[in-house]
Each structure stands twice: as structure tokens, then as C-alpha cells.
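Novice: Build the 3D model from these lines:
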Amino acid sequence: MADHLDAPTLLEEHRKLAAFAGEWSGEEMVYPSRWTAGGPATSRVVARIDLNGFYLIQDTRQTRDGKETFATHGVFTYDREDRLYKLFWHDSLGYYPPSPASGGWSGRSLILVRGSLRGNARHVYEVIDDNNYTVKIQFSPDAEGWADVLTGAYRRIH
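Specialist: Numbers count the residues shown, from 1 in each chain. Purely as a prediction, here's the structure:
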């Protein structure tokens, strides 16, 4: 049995993820893509800090025209080995990323990029204040020119 003193300790980087914990209501714009027609959407986001504070676990359910159209399950953490944030992303399109998105904070924005055989995705989560944040999900075939896939503004539900 390993000595409990060897257990990893929570870092300030882990604690920063708490900015996104809670229940949120989102107003989104979905841009036309090969997967969907564009248009406005609403989302409900439920996120919690869990597993001894090391992870933010986020579930999102998007509704368009009264029907659930998209759902995501995101697991965020900080990797003390390479000192980058990681986002393990699963969604109702059924794609499984070969590796997590990776990145870090730039000012008030957490920017995470992942690549796959289909291209590259960039997630930008910007903290506006304690009760508001925005998201921009972008796609690029070559990680140079980025096109918006989804933008959203989320308000904490009290």
C-alpha cells in the first residue's frame, strides 16, 4: 500500500477549473457544417468538480426547435507532467478523439486544441465573470485558418 503522503496534491491550476462548475443556461449559434444546418440553439450545462478536485466533468444538452439535437460530455483536467490542460471530449455524433484537446490559459480564456483524422478543433472558454462565460468551438483542416462551428454565451442558473 502506497503511503498516503505520496498522493498528488491539488494545484492552483486544478482549482481554476471551478470557474465553469455549476448549472448554466446557454444561448448558442450553430454554424452550417458538414454535420448540421446552422441556426440558433439553447443549451443546459451541468458541470461539477469531482474526483478529489482534479477534474471538471461537464455535460451539455443542446435543443433546437424543441428537440434535443446534440449532447456532449467533457472531462477537463490539468496534466502536471506536460503542464497543459486536457479536455477529453465525447459527443452525440459518436466520434471518439484519438487524444484529448490540450492547451492553457491566455488571459481569461482557456484555449484547447485537438487534432484527428477529420481535422482540428479548437475550444475557447472565456470567463466573463462569476456568472457568465462564453464558448467558441472552431474547426480547421490545417490548424491555421479557423472557422466557427458553435458560439455560445452561458449564464449561471441560481
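
Novice: From here on, just use CA atoms for contacts and neighbour counts.
Specialist: Fine.

Novice: center of this structure - which residue?
Specialist: G74 (5.8 Å; CA atoms, centre = their mean).

Novice: Make sure it is actually in contact with I49.
Specialist: No: in this structure, G74 sits apart from I49 without contact. The criterion is CA atoms under 8 Å, and the distance is 11.9 Å.

Novice: For the helix or strand of the chain with the lowest mean pLDDT, what is the distance to the chain centroid?
Specialist: In the chain, no helix or strand scores lower on mean pLDDT, DSSP states H and E than strand 109-116, which sits at a mean of 92. Relative to the centre of its chain, strand 109-116 is centred 9 Å away, using CA atoms, centre = their mean, to the nearest Å.

Novice: and the closest residue to F139 other than its chain neighbours, what does it touch?
Specialist: Take F139 and drop its neighbours on the chain: the residue closest to it by CA to CA, 6 or more residues apart in numbering is A121, 4.6 Å away. Applying CA atoms under 8 Å, 6 or more residues apart in numbering to A121 gives the contacts V113, R114, G115, I137, Q138, F139, S140.

Novice: List the contacts of the first one.
Specialist: Spelled out, that is V113. Residues in contact with V113, defined by CA under 8 Å, 6+ apart, are A101, S102, G103, N120, A121, R122, H123.

Novice: what's the neighbour count on the last one?
Specialist: The reference is to H123. 24 (other CA atoms under 10 Å).

Novice: got the buried residues for stretch 59-77?
Specialist: Buried residues in stretch 59-77, counted by 16 or more other CA atoms under 10 Å: D59, T60, R61, Q62, T63, A71, T72, H73, G74, V75, F76, T77.

Novice: which residues does the second one bridge with?
Specialist: By that I understand T60. With DSSP bridges as the criterion, T60 is bridged to V45, T72.

Novice: hey, what's in contact with both of G74 and I49?
Specialist: Between them, G74 and I49 share these contacting residues under CA under 8 Å, 6+ apart: I57.

Novice: ok, Q58 touching V46?
Specialist: Yes: contact criterion CA under 8 Å: Q58 and V46 qualify, at 5.8 Å.

Novice: Now the common contact residues for those two.
Specialist: For the pair Q58 and V46, residues contacting each of them under the criterion CA under 8 Å, 6+ apart are A21.
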